[in-house]
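Colleague: Provide a 3D model corresponding to the input given below.
(one chain, ligands or ions: 2)
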Amino acid sequence: MSQPKKPRARILSIGTELTMGRTVDTNSAFLARQLAERGFETTAHETVADDQGAIVQALRRAAEQADVVIVSGGLGPTPDDVTRQALAEAMGAELLLDEASLARIEAFFQRRNRPMPPSNRIQAMVPAGARPLENTRGTAPGVEATLGEARVFVVPGVPYEMEAMFERAVAPRLPAGGGVVLHRVVRLFGAGESDFAEMLGELLRDTESLRVGTTVAAGLVSVRIYSRGETPEQADRLAQERTERIRQRLGEKVLGVGEEASMESAVGELLLRTGRSVATAESCTGGLIGEMLTAVPGASRYYLGGVIAYDNRVKMEQLGVPGGVLQEHGAVSEPTALAMAQAVRERLGAEYGLATTGIAGPDGGTAEKPVGLVYTALAGPKGASAARHLLPGDRAMVRLRSALAALNMLRLELLHA
Ligand code: ATP
Ligand code: MG
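Modeller: Ligands and ions are numbered 1, 2, ... in the order given. From the prediction side, this is the model:
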């Protein structure tokens with residue numbers, strides 16, 4: 001990605017629980033997103049233990065390299081929380097008591113009918129020349145200070161307190177950002193990340209005002225576009241142009257645009273648009289397709305229900321899969337998948353029947369039918385079809401990919417309906 005333009009930001013997360021891996025740092029992600037929306041380029045995230053010397057060094061480094069430094073954590077009253085002290089040391093300033101902060105902390109305890117422990121007094125201290133930031137959700141005030149040429153904002157580690165303080169006290173006081181940065185995500189399905197990268201080629205290239213990259217999550221590849229403009233309209237236009245070119249190139253492999261876009265929302269929209277309904281017969285996915293479809297609001301308008309036909313007896317008795325098919329081809333076979341899809345379509349009276357049967361592992365694989373072998377089938381007004389997949393990954397991944405593959409059969413069918 002291209003060299004960022006000013007203003008630059010750096011994010012420091014403080015806490016031994018973070019460096020030891022006991023708590024996952026979600027504050028940095030939140031802060032980076034907020035900063036990006038306001039036109040800042042975040043050039044680094046750093047996580048530092050509750051160690052005053054290490055925090056002092058990190059603060060100085062960050063202040064040299066960025067215009068804005070946001071620090072979260074280590075503002076608590078206990079001796080292991082030393083961010084306040086470290087900031088004072090980095091600034092070469094004394095810690096002074098702020099009477100207004102002290103009064104607010106005392107009032108916080110009074111409202112809870114508890115005396116303020118003496119250790120909380122440290123939370124009312126700010127380095128000389130710095131300014132406290134009110135905490136509306138907890139006791140620890142934040143700090144706004146100047147370190148070298150950088151503006152430094154220190155906010156609490158508790159995400160619920162940090163988010164409120166960022167919005168109320170930090171965001172309004174950030175130096176002017178460099179225009180607007182918008183973020184847009186294009187969700188893809190039907191190839192791996194590197195294959196998509198190859199197909200997209202120059203469309204993944206950054207420009208002065210665009211940064212483009214791919215990510216993978218929950219079996220889907222996403223293209224993320226950050227566009228910078230003088231105005232939101234300008235940034236939006238840039239992102240829109242790139243999105244259109246991606247759509248043109250990838251066609252049906254584009255599920256949709258936006259954080260909410262998913263396989264199940266794409267299928268849901270198409271079912272709504274065509275006025276069709278679907279029912280499911282799930283073996284190896286154990287209801288996952290039903291869960292995904294019903295996670296979308298309004299699914300009752302197109303999803304009728306399903307049968308979790310895990311055991312062969314359920315495949316026969318509830319769906320009417322002929323025992324002969326199961327005996328001859330096995331439960332994990334194309335004929336079984338087809339019979340399941342057709343049966344659930346008929347029994348539930350849906351336009352489409354969707355089925356999965358496969359070996360999710362880790363056990364149960366054979367040379368002939370290895371773990372990851374999955375058949376998906378779709379039955380509809382135009383007949384039935386099945387697909388054979390050899391899916392990589394652990395049990396959870398095989399199940400998820402099976403559900404996605406089945407839903408994608410329906411999506412492609414509906415696109416041509
Ligand atoms: P407090 O006054 O509650 O002590 P604090 O500013 O000292 O606030 P920390 O003690 O550093 O905050 O963190 C409190 C809790 O907040 C941690 O135990 C952790 O659960 C959570 N937390 C801290 N930093 C982060 C982070 N970067 N991402 C997510 N959670 C965090
Ligand atoms: Mg702490």
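Colleague: in the stretch 1-150 of the chain, which residue sits nearest ligand 1?
Modeller: G76 (2.2 Å; C-beta to the nearest ligand atom). Yep, even glycine has a C-beta here, placed from its N, CA and C like the rest.
Colleague: could you count how many residues lie near that residue?
Modeller: Counted by other C-beta atoms under 10 Å, the residues lying close to G76 total 23.
Colleague: equivalent analysis for the one 10 residues further on, please.
Modeller: Counted with other C-beta under 10 Å, the burial measure for A86 works out to 27 neighbours.
Colleague: pLDDT at the residue of the stretch 1-150 of the chain closest to ligand 1, what is it?
Modeller: The pLDDT attached to G76 in the predicted structure is 92.
Colleague: hmm, stretch 113-124 in reach of ligand 1?
Modeller: No. Residues of stretch 113-124 are not located near ligand 1 by C-beta under 6 Å from any ligand atom, the shortest gap being 7.1 Å.
Colleague: now do the same contact list for the nearest residue to V82 once chain neighbours are set aside.
Modeller: Beyond its immediate neighbours in the sequence, the residue positioned closest to V82 (C-beta to C-beta, 6 or more residues apart in numbering) is Q52, lying 4.4 Å away. Going by C-beta atoms under 8 Å, 6 or more residues apart in numbering, Q52 touches 82, 85-86, 89.
Colleague: kindly report the residues of the stretch 51-200 of the chain close to ligand 2.
Modeller: Applying C-beta under 5 Å from the ion, we find that the stretch 51-200 of the chain lies next to ligand 2 at D81.
Colleague: mind listing the helices for the stretch 51-200 of the chain?
Modeller: Using DSSP state H, counting those that start in this stretch, the helices found in the stretch 51-200 of the chain span residues 52-65, 83-91, 99-111, 159-165, 193-200.
Colleague: of those, flag the one that's most buried.
Modeller: Highest mean neighbour count of the helices of the stretch 51-200 of the chain: helix 83-91, a mean of 23 (counted as mean count of other C-beta atoms under 10 Å).
Colleague: what's the angle from that helix to helix 52-65?
Modeller: 60 degrees (axes from the mean of the first three to the mean of the last three C-alpha atoms, to 10 degrees).
Colleague: what's in contact with helix 83-91?
Modeller: Applying C-beta under 8 Å, 6+ apart, the external contacts of helix 83-91 come out as 14, 52, 55-56, 59-60, 63, 71, 73-75, 94-95, 122-123, 125-130, 143, 145-147, 152, 154.
Colleague: so what's the gap between that helix and the chain middle?
Modeller: Offset of helix 83-91 from its chain centre (C-alpha atoms, centre = their mean, to the nearest Å): 34 Å.
Colleague: which strands or helices does the helix or strand of the chain with the lowest mean pLDDT pack on?
Modeller: Within the chain, no helix or strand scores below strand 180-188, which has a mean of 89 by mean pLDDT, DSSP states H and E. Here strand 180-188 touches helix 27-37, strand 220-229, helix 232-250, strand 254-257, going by 3 or more C-beta pairs under 8 Å, 6 or more residues apart in numbering; DSSP states H and E.
Colleague: run me through the strand neighbours of the last one, direction for each.
Modeller: In the sheet, strand 254-257 lines up against strand 180-188 (antiparallel) (DSSP bridges).
Colleague: residues making contact with the partner strand?
Modeller: 33, 36-40, 196, 220-232, 234-236, 239, 243, 246-247, 250, 253-259, 261-262.
Colleague: if we can go back for a sec, and which of the contacts of Q52 is nearest ligand 2?
Modeller: Closest approach between the contacts of Q52 and ligand 2, by C-beta to the ion: V82, at 8.9 Å.
Colleague: these two touch, right, that closest one and V48?
Modeller: No. With contact defined as C-beta atoms under 8 Å, V82 does not reach V48; the gap is 10.5 Å.
Colleague: who are the contact partners of the residue in the stretch 151-300 of the chain positioned nearest to ligand 1?
Modeller: Closest contact between the stretch 151-300 of the chain and ligand 1, by C-beta to the nearest ligand atom, is at G157 (2.7 Å). Listed by C-beta under 8 Å, 6+ apart, the contact partners of G157 are 13-15, 27, 72-76.
Colleague: do that again at 7 Å, thanks
Modeller: 14-15, 27, 72-75 (C-beta atoms under 7 Å, 6 or more residues apart in numbering).
Colleague: one more: Q327?
Modeller: By C-beta under 7 Å, 6+ apart, the contact set of Q327 is empty.
Colleague: okay, and it sits in which element?
Modeller: Per DSSP states H and E, Q327 falls inside helix 323-329.
Colleague: which residue packs closest to T136, ignoring adjacent ones?
Modeller: T136 sits nearest to A164 (C-beta to C-beta, 6+ apart), 5.5 Å away.
Colleague: can I assume the one you found is in contact with R137?
Modeller: Yes. Using C-beta atoms under 7 Å, A164 is in contact with R137, at 5.0 Å.
Colleague: any idea how far S333 is from ligand 2?
Modeller: 56 Å (C-beta to the ion, to the nearest Å).
Colleague: check which helix or strand the closest residue to that residue other than its chain neighbours maps to.
Modeller: Counting by C-beta to C-beta, 6+ apart, S333 lies nearest to Y375, which is 6.5 Å off, once chain neighbours are set aside. In this assignment (DSSP H and E), Y375 forms part of strand 373-380.
Colleague: list the buried residues in the helix or strand just after that strand.
Modeller: With elements assigned by DSSP H and E, the helix or strand that comes after strand 373-380 is strand 383-390. Residues of strand 383-390 classed as buried: 384-386, 389 (neighbour count, 16 or more other C-beta atoms under 10 Å).
Colleague: the closest residue to ligand 2 within the stretch 201-350 of the chain and L250, how far apart?
Modeller: Closest to ligand 2 within the stretch 201-350 of the chain is A217: 29.3 Å, counting by C-beta to the ion. Using C-beta to C-beta, to the nearest Å, A217 is found at 18 Å from L250.
Colleague: so for the two, which sits in the more crowded spot?
Modeller: Taking other C-beta under 10 Å, A217 and L250 do not tie; L250 has more neighbours (20 against 8).
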